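In: have a look at this fold, sequence not included:
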């Protein structure tokens, strides 16, 4: 059974090998993370009024273009074959 690192590497190889950056059209990606994406609460006026506890966070990996710095966040659970 592949390790978590192996599953992430396989996902990147299968899904990102041919993806070009939407900003500069280069195909030169690097991975950064994992991070926890923490949802915010929004008040009735549409302003951020606070952040939920880290137990509500989603694990994400950043795919970063080495040419221009454009960053796309990918849900880590999807990368390792779990439900987000």
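Out: Yep, that arrived. Everything quoted here is computed from the prediction, not taken from an experiment.
In: the helix or strand containing residue 63: partners in the sheet, and parallel or antiparallel?
Out: Under the criterion of DSSP states H and E, residue 63 resides in strand 58-65. According to DSSP bridges, strand 58-65 forms sheet pairs with strand 29-37 (antiparallel), strand 71-75 (antiparallel).
In: give the other helices and strands that the helix or strand just after the first one contacts.
Out: Read that as strand 29-37. Following strand 29-37 in sequence order, the next helix or strand is strand 40-42 (DSSP H and E). Here strand 40-42 touches strand 48-51, going by 3 or more CB pairs under 8 Å, 6 or more residues apart in numbering; DSSP states H and E. Using the backbone N, CA and C atoms, a C-beta is placed for each residue, glycine as well.
In: what about residue 60, how many residues nearby?
Out: Per other CB atoms under 10 Å, the neighbour tally for residue 60 reads 21.
In: so it touches residue 71, yeah?
Out: No. In this structure, residue 60 is not within contact of residue 71 by CB atoms under 8 Å, at 10.3 Å.
In: so how far is the helix or strand harbouring residue 14 from its chain's centroid?
Out: Here residue 14, judged by DSSP H and E, is contained in helix 4-16. Between the centre of helix 4-16 and the centre of its chain there are 13 Å (CA atoms, centre = their mean, to the nearest Å).
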